[in-house]
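*Asks:* here are the coordinates; sequence isn't available:
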């Protein structure tokens, strides 16, 4: 049984990283499960590094001194080889950042709070300041997460996002049968483009975890499950 998926566009075009997203048969919060994934996917398990995720905009920089430490935050960046970064999601948006020129990487966990606080843009800013990254050299991957087809929210949350997106000129929600559905994919893409990303450097897998709940953990579809999808990224 497959335990994870590789991102083909990354595997074919960017050969210095290893990127995978775990499937429903794996709980990324389980060390035993992640050992299986790392062994099969050729990730360096002993250096696996993740955050204590708190729905924040905190970005932690990982170097030789804090490999494996669990810090509060919702994004990770590094330029150290053989240090797999790991974030946990189950409807929230996982975003990978890969700097092809300076050989640096980042991962961000963007729920609606992290998205509102523009954690994607803050992850990029930290890569620029720490590793001299240039937005033009970064490829971004938006992984499996709840799509606008399924993410029903309150009108108040739509209005909250409207305060930061009023000048973007693109719809970030849809209305069906008087219900509001937020498009976290679109919002994160708008935030990334506002940070200088070109559309061709943003790879959206367009996989809805609620629609594809047979393949991925979904907090909403699976009765507030505490099991998680893992997005794992390592410089080889």
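*Replies:* Cool, got the structure. Owing to the predicted nature of the structure, the values given are computational and were not obtained by experimental measurement.
*Asks:* Who does the spatially most central residue of the chain form a beta bridge with?
*Replies:* The residue lying closest to the centre of the chain (Cα atoms, centre = their mean) is residue 94, at 1.7 Å. On the basis of DSSP bridges, residue 94 takes part in beta bridges with residue 109.
*Asks:* Would you state the strands of the chain in chain order?
*Replies:* 4-6, 17-22, 49-50, 59-62, 75-78, 85-89, 93-99, 104-110, 138-142, 152-153, 173-176, 179-182, 202-204, 229-235 (DSSP state E).
*Asks:* could I get the ones you listed as a markdown table with distance to residue 30 and mean pLDDT?
*Replies:* The way it works is simple: take the backbone N, C-alpha and C, and place the C-beta from them, glycine included. What follows is the strands of the chain, written out as a markdown table (distance: least, Cβ to Cβ, whole Å; pLDDT from 0 to 100):
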| stretch | distance to residue 30 | mean pLDDT |
| --- | --- | --- |
| strand 4-6 | 14 | 83 |
| strand 17-22 | 10 | 96 |
| strand 49-50 | 12 | 98 |
| strand 59-62 | 21 | 98 |
| strand 75-78 | 19 | 99 |
| strand 85-89 | 11 | 99 |
| strand 93-99 | 18 | 98 |
| strand 104-110 | 18 | 99 |
| strand 138-142 | 24 | 96 |
| strand 152-153 | 30 | 97 |
| strand 173-176 | 35 | 94 |
| strand 179-182 | 30 | 96 |
| strand 202-204 | 28 | 95 |
| strand 229-235 | 10 | 98 |
